[in-house]
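>>> just to be clear, the model below is a prediction. Sequence and coordinates:
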Amino acid sequence: MSMNRIVGLMLLLFLLEGAIMPWIIPAGFGDRIIPHFIFVIVLYSALYGNRHQALMLGAGFGLLQDLIYYGHLIGGHFFMMGLIGYFTGVLLERKRVTVMMALTVIGFACIVYDTALFYIYKVFRITDAAYAWALLNHILPSLFLQLAFALACYIPVRRIFESRSKALPDSDDE
């Protein structure tokens, strides 16, 4: 699958995450659960593609999220999504990633991502909440949504990125 199709798929997920998911999430959890479907795809890109692709997808869509959804601080999502995507790709570059390993890495990366964003917001005094409160009320409920999404889209996304990574070396030789 070409990069244009991957970006198109991620744009659809971007719209789903911002326009449709607020209607799907129950009213009591609407302000507590924050979907990060784009971040999950960036992590799959790091696990089954390459680290540079994850860096570019993470930085590009992180900046788009900063501009569209989180306008009070530009650059937090841009920086963290690209950085975590890149380092995930560096850590697991030559390893065969199984389903459980992918879900574990995605779970830890989502916690690191939300924690880093929380502390960035804390440094710039956008939030004054305690970390324990944010962990129990925002980070963990959102983590379950991200893991459910990661499990639901595991096979198609793995096939997309593995077929792309296998096709790239052949096209470079020609």
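Here it is on my side, so go on. Quick caveat: nothing in here was measured; it's all calculated off a predicted structure.
>>> quick one: end-to-end distance for stretch 68-78.
12 Å (Cα to Cα, to the nearest Å).
>>> can you list the low-confidence ranges for the chain?
1, 168-174 (pLDDT under 70).
>>> top helix in it by residue count?
helix 99-123 (DSSP state H).
>>> ok, and what's touching the next helix or strand after it?
Next helix or strand after helix 99-123 toward the C-terminus (DSSP states H and E): helix 131-134. For helix 131-134, the surrounding residues in contact (Cβ atoms under 8 Å, 6 or more residues apart in numbering) are 114-115, 118-119, 127. C-beta coordinates here come from the backbone N, C-alpha and C atoms, glycine included.
>>> give me the buried subset of those.
The neighbour-count criterion (16 or more other Cβ atoms under 10 Å) marks 114, 118, 127 among the contacts of helix 131-134 as buried.
>>> closest one to Pro141 out of those, please.
Asp114 (10.6 Å; Cβ to Cβ).
>>> could you measure from the closest one over to Phe29?
From Asp114 across to Phe29, the span is 16 Å (Cβ to Cβ, to the nearest Å).
>>> how about Glu93?
Taking Cβ to Cβ as the criterion, Glu93 is separated from Phe29 by 37 Å.
>>> could you pull out the helices for the protein?
3-15, 21-24, 37-48, 51-68, 76-91, 99-123, 131-134, 140-152, 154-173.
>>> need the winner for burial among the ones you listed.
Of those, the one with the most neighbours on average (mean count of other Cβ atoms under 10 Å) is helix 37-48, at a mean of 27.
>>> quick one: that one to helix 76-91, angle?
20 degrees (axes from the mean of the first three to the mean of the last three Cα atoms, to 10 degrees).
>>> what residues does helix 37-48 touch?
So helix 37-48 is contacted by 6, 9-10, 13-14, 16-17, 53-54, 57-58, 61, 65, 81, 84-86, 88-89, 92, 97, 102, 105-106, 109-110, 113, 146, 149-150, 153, 157-158, 161-162, 165 (Cβ under 8 Å, 6+ apart).
>>> picking that back up, what helices or strands is the longest helix of the chain leaning on?
When contacts are defined as 3 or more Cβ pairs under 8 Å, 6 or more residues apart in numbering; DSSP states H and E, helix 99-123 packs onto helix 37-48, helix 76-91, helix 131-134, helix 140-152, helix 154-173.
>>> and Ile25, which of those is closest to it?
Comparison of the helices and strands packed on helix 99-123 against Ile25 by Cβ to Cβ identifies helix 140-152 as nearest, at 8.1 Å.
>>> gap between the residue nearest the centre of the chain and Arg94?
In the chain, the residue lying closest to the centroid (Cα atoms, centre = their mean) is Phe39, at 0.8 Å. Separation of Phe39 from Arg94 (Cβ to Cβ) stands at 23 Å.
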